[in-house]
Structures are given as structure tokens and as C-alpha cells.
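>>> turn this into a structure:
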Amino acid sequence: MTEVRALVLTGFGLNCDWETAHVLALAGARAERVHLNQLISKAKSLADYHILVIGGGFSWADEHGAGVILAMRLKYRLGEALLSFIEKGGLVLGICNGFQVLVNTGLLPGFETGRLSRQVALINNDCGRFRDQWVHCVFETASPCVFTRGLKAMDLPVRHGEGKFFAEPEVLERLESTHQVVLRYALADGRPAGGAFPENPNGSLHDIAGICDPTGRVLGLMPHPEAFHHWTNHPDWTWEKERCRRRGLPRPREGAGVQLFRNAVDYVRNQGAL
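As a prediction, this is how the structure comes out:
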């Protein structure tokens, strides 16, 4: 069996690295937290890993905009290594601040292979303030995203001040036509949020909560799947516990967010070593 190696980026304000490494381990990967400077100095190489995760936090304190400085560091110090990593079959996941980084580098939406060109943005929430809440998301089954195969809907937490997905109409049309929209904010019954607050917590156009590149191997999303790694992370876990007791059902073993990471690990194993 292929040992799946995952690199979780750390440093300069990224602060979800420990729980991200933990959930990757739950999913079956060997996760290693690696400081950005270790990659830039070549003490560590992306080529030694199968999965790269840029997690949540406030890199460089969101100076000059969320994810901007980290994106520039990656683009101009590691741009060729990132493009090579993806070309050779590597998986990239950007969560919250990591999603902001991926759109700022131009790795997403990645319409043109081998080119880093920024075409979408994550801007200030319409509500004008930081949002820390749980949202209901639905997944697009037509998406090529390898991280979300088989997923239909999921509750996940968000915590951001700049999470509104914005793009020009022609870019939005292209994202929709190529099925690169991966998940959307939705009402509790699964219908589109239609921009309604707080179901859509930031005013994202088309209720977009995450997108992928054309290959499906690069995913960025604002909700935090790593923060739902145990079933008791959910705010309604006590209700779920009682529901299972009354119906004679076993309690969940883990949080729903783990499956997104397990899909990535399974994909690497099915593809073989890079």
C-alpha cells in the first residue's frame, strides 16, 4: 500500500496546522507540519509529498489583504515547484486563509495550465464583520474534484472576515460551465441559500463556498472541514447523541469533515506513488 505523505504548511500566522495534521492522520496519511521557510530554503521539497494543505489562520495578520503576502511568497519563491507538483499529480487543498492564498496566487481557478493568473477574489463579508458560525453546504456532484467524491451535503464551521467569493460575470459563467464550483452555501433543506444571510454568511456570488481547478486536484474552500473531525465538534452533538439513543443506533465515530481528507488519501493510493 502506498504511504500517503501530506505536507501541512505552517508559519507566519497560519494556525490550523495541528488539527489539519490530526485529521489527515485520521484519514490514513502521514502528515508533517512544515514551515514555509523550510520549503523556500529547500530544506524540504514538495516533490517528497503527495498532498499539500495550506490551512486556515491569518498569515501575516492579513496585512495588505487576507492571504496576499503568503501568496506572493509562494508565487515568486516556489511558483515553479508548485506548478510542477500539480502537473505531476499532486493534490493541493486550501482552507479559508489557504483558499485566499490559492486565488491570490492564481492557482485557482487555474483555467490555463501552467500559468499563475488571478481571476477571482475573496473580499470583505457583506455583513461588514467577522463571521464565526456553522453553515450547511451542498456539493456539486458534477464537479471533477477528487476531495469531494460521493459527498452530498455537510455542516461545517466558517470563521472569516474576507470570505465573499467574487468574480466577473464571464468568469462565473466559465466556472459554472466547467463544473469547477465544488460546494455552495445552502438552506437546511438543501435548497440554495440564494444569498440569504446568515445561511450564506458572506454574500458570495452564486452561494459559492469552494472551487477547484479543471483537474479536480486543487481545491479551495472557506468552510473548515478539519474542524469537524469528531462528531462532538458539531454544536448539535448532544441532540445527535439522544437521537441515536432513542432509535437504537450507534453513535457516529468521527466528524463528517474527515471524509473529504479520506477521499484525497484514497485517490493517491489508487493512483500510486507520484
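
>>> the closest residue to residue 36 other than its chain neighbours: neighbour count?
Distance criterion CB to CB, 6 or more residues apart in numbering; nearest residue to residue 36, sequence neighbours excluded, is residue 11 at 4.3 Å. For glycine as for every other residue, the C-beta is placed from the backbone atoms N, C-alpha and C. The tally of other residues near residue 11 (other CB atoms under 10 Å) stands at 18.

>>> dihedrals phi and psi, residue 11?
phi 110, psi 150 (degrees, to the nearest 10).

>>> so it bridges to which residues?
Beta-bridge pairing of residue 11 under DSSP bridges involves residue 14.

>>> quick check: it vs residue 56, distance?
Separation of residue 11 from residue 56 (CB to CB, to the nearest Å): 14 Å.

>>> residues contacting residue 212?
Counting by CB atoms under 8 Å, 6 or more residues apart in numbering, residue 212 makes contact with 108-109, 143-145, 147, 180, 182, 218-220.

>>> need these in JSON lines with pLDDT, neighbour count and distance to residue 204, can you?
Output for the contacts of residue 212, formatted as JSON lines (pLDDT from 0 to 100; neighbours: other CB atoms under 10 Å; distance: CB to CB, whole Å):
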{"residue": "108", "pLDDT": "97", "neighbour count": "25", "distance to residue 204": "14"}
{"residue": "109", "pLDDT": "97", "neighbour count": "25", "distance to residue 204": "14"}
{"residue": "143", "pLDDT": "98", "neighbour count": "22", "distance to residue 204": "16"}
{"residue": "144", "pLDDT": "97", "neighbour count": "17", "distance to residue 204": "21"}
{"residue": "145", "pLDDT": "98", "neighbour count": "28", "distance to residue 204": "17"}
{"residue": "147", "pLDDT": "98", "neighbour count": "28", "distance to residue 204": "19"}
{"residue": "180", "pLDDT": "98", "neighbour count": "25", "distance to residue 204": "14"}
{"residue": "182", "pLDDT": "98", "neighbour count": "24", "distance to residue 204": "13"}
{"residue": "218", "pLDDT": "98", "neighbour count": "27", "distance to residue 204": "19"}
{"residue": "219", "pLDDT": "98", "neighbour count": "28", "distance to residue 204": "16"}
{"residue": "220", "pLDDT": "98", "neighbour count": "28", "distance to residue 204": "12"}
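
>>> among those residues, which pair sits farthest apart?
109 and 147 (15.4 Å; CB to CB).

>>> the strands in the stretch 51-200 of the chain, which residues?
Remark: strands assigned in the stretch 51-200 of the chain by DSSP state E, counting those that start in this stretch are 51-54, 91-95, 121-123, 131-139, 153-160, 164-166, 181-186.

>>> now those strands in CSV, please, with extra columns for distance to residue 194.
Formatted as CSV, those follow (distance: least, CB to CB, whole Å):
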stretch, distance to residue 194
strand 51-54, 30
strand 91-95, 25
strand 121-123, 19
strand 131-139, 13
strand 153-160, 16
strand 164-166, 15
strand 181-186, 9
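
>>> what about the residue nearest to residue 81 when sequence neighbours are not counted, distance to residue 260?
Nearest in space to residue 81, with sequence neighbours left out and distances taken as CB to CB, 6+ apart, is residue 46 at 5.1 Å. As for residue 46, its distance to residue 260 is 21 Å (criterion: CB to CB).

>>> higher neighbour count, the two?
Between residue 46 and residue 260, counted using other CB under 10 Å, residue 260 has the larger neighbour count: 27 against 18.

>>> tell me if I'm right that that one and residue 150 touch.
No - between residue 260 and residue 150 there is no contact under CB atoms under 8 Å: 10.2 Å.

>>> what helix or strand is the nearest residue to residue 163 once chain neighbours are set aside located in?
Excluding the flanking residues, the one nearest residue 163 by CB to CB, 6+ apart is residue 202, at 4.0 Å. Following DSSP states H and E, there is no helix or strand that holds residue 202.

>>> from here on, count from 11
New numbering, starting at 11: the last item is residue 212.

>>> so residue 212 makes contact with residue 232?
Yes - using CB under 8 Å, residue 212 is in contact with residue 232, at 7.4 Å.

>>> find the residues that touch each one of the two.
Common neighbours of residue 212 and residue 232 (CB under 8 Å, 6+ apart) are 168, 170, 173, 175.
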